[in-house]
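model this:
(one chain, ligands or ions: 1)
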Amino acid sequence: MGEHYQNLASTYDDNWVYSPAFVGWMSERIASALELSANDRMADIGCGTGLFAGGIAEALRPHQPVLCVDPSAAMLDQLPSSPALSPLRASAEEIADQTVPLPYERLDAMWLKESVHHVTDPATTLRGLARLLAPGGRLLVAMLPPRSTTRCSLKPSSGTRSSSPTPLPSPGTCPMRGFGPS
Ligand SMILES: C[S@@+](CC[C@H](N)C(=O)[O-])C[C@H]1O[C@@H](n2cnc3c(N)ncnc32)[C@H](O)[C@@H]1O
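Here you go, the predicted structure:
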């Protein structure tokens with residue numbers, strides 16, 4: 001998986017159907033679902049090239065930089081240069097088990113947009129991430145719908161578009177199963 005994103009990083013933003021309007025809309029949806037404010041300490045876990053962290057930072061002007069967490073150095077290299085974004089090379093698992101410490105004592109909000117499917121044990125990792133939240137903190141997992149009409153996805157080997165959609169977890173392997181109150 002690491003090599004996949006190493007190869008894709010430099011053209012990642014061009015390959016998706018992400019218009020500036022979509023990035024703005026999706027960033028607003030994330031900010032609204034998490035009730036983000038400029039005072040929040042926040043992290044985008046599996047941020048990729050920082051498209052949405054950048055969109056949120058631009059709209060909110062947070063008082064502390066958005067932590068842009070990703071295990072791929074090549075993806076992080078594509079982050080827009082901005083004092084409002086702070087890169088942190090780590091996987092969700094390393095943040096959750098605190099192998100890689102956060103620069104903030106606690107977070108008020110974090111989101112995983114289309115990254116949770118890379119996590120080996122999502123329930124354990126999401127529980128670990130939730131423990132890093134301050135009281136009143138919020139965590140959002142966002143995925144494309146399982147029956148996405150988006151037919152553009154990336155072939156792992158070449159970084160070009162494929163006619164079949166990105167494989168997503170089936171309902172039987174719901175990444176959220178086992179996470180949250182029972
Ligand atoms: C499909 S991209 C999504 C990127 C970004 N969130 C977006 O929506 O544009 C998936 C990202 O998850 C990252 N990733 C892979 N394994 C991960 C892990 N174990 N924890 C966190 N992120 C991971 C990849 O490096 C990649 O940047």
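
any low-confidence regions in this protein?
Scanning the chain for pLDDT under 70 picks out the ranges 1-2, 13-17, 146-182.

what does it put close to the ligand?
Proximity of the chain to the ligand (CB under 6 Å from any ligand atom) is limited to residues 1, 5, 45-48, 51-52, 70-72, 75, 91-93, 113-115, 118-119. In short, each C-beta sits where N, CA and C put it, glycine included.

give me the buried subset of these.
5, 45-48, 51-52, 70-72, 75, 91-93, 113, 115, 118-119 (16 or more other CB atoms under 10 Å).

which of those fall in helices?
If you go by DSSP state H, these have Y5, L51, F52, M75, A92, E93 in helices.

the third one reaches E114, doesn't it?
This means F52. No. If you go by CB atoms under 8 Å, F52 and E114 don't touch, sitting 9.5 Å apart.

just the closest residue of the protein to the ligand, please.
The ligand sits closest to G48 of the chain, with a gap of 2.6 Å, by CB to the nearest ligand atom.

so what touches the longest strand anywhere in the chain?
The longest strand of the chain (DSSP state E) is strand 133-142. The contact list for strand 133-142 (CB atoms under 8 Å, 6 or more residues apart in numbering) reads 30, 33-35, 41, 106-114, 116, 126, 129-130, 175-176.

now do the buried residues in it.
Residues L133, G137, R138, L139, V141 are the ones in strand 133-142 that count as buried (16+ other CB under 10 Å).

and for stretch 47-63?
Of all the residues in stretch 47-63, those buried under the rule 16+ other CB under 10 Å are 47-57, 60, 62.

save these as CSV, and put in distance to T99 too.
Shown next, in CSV, are the buried residues of stretch 47-63 (distance: CB to CB, whole Å):
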residue, distance to T99
C47, 18
G48, 21
T49, 24
G50, 22
L51, 26
F52, 25
A53, 22
G54, 26
G55, 29
I56, 26
A57, 26
L60, 29
P62, 26
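
D70: what's it in contact with?
Y5, G46, C47, G48, L76, P87, R89, A90, S115.

any chance you could map the strands in the chain?
For the chain, the strands defined by DSSP E cover 42-45, 66-70, 85-89, 107-113, 133-142, 153-154, 161-162.

wait, which of these is closest to Y12?
strand 153-154 (8.0 Å; CB to CB).

return the top helix by length along the chain as PDB; C-alpha atoms alone will do.
Criterion DSSP H: the longest helix present in the chain is helix 20-33. What follows is helix 20-33, C-alpha atoms only, in PDB (Å, rounded to 0.1, in the frame of the first residue of the first chain):
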ATOM      1  CA  PRO A  20     -12.400  23.000  -6.700                       C
ATOM      2  CA  ALA A  21     -16.200  23.200  -6.200                       C
ATOM      3  CA  PHE A  22     -16.300  19.600  -5.000                       C
ATOM      4  CA  VAL A  23     -13.300  20.100  -2.600                       C
ATOM      5  CA  GLY A  24     -15.000  23.200  -1.200                       C
ATOM      6  CA  TRP A  25     -18.400  21.400  -0.800                       C
ATOM      7  CA  MET A  26     -16.900  18.300   0.800                       C
ATOM      8  CA  SER A  27     -14.700  20.400   3.100                       C
ATOM      9  CA  GLU A  28     -17.800  22.300   4.200                       C
ATOM     10  CA  ARG A  29     -19.700  19.000   4.800                       C
ATOM     11  CA  ILE A  30     -16.800  17.700   7.000                       C
ATOM     12  CA  ALA A  31     -16.600  21.000   8.900                       C
ATOM     13  CA  SER A  32     -20.400  21.000   9.400                       C
ATOM     14  CA  ALA A  33     -20.600  17.400  10.500                       C
END
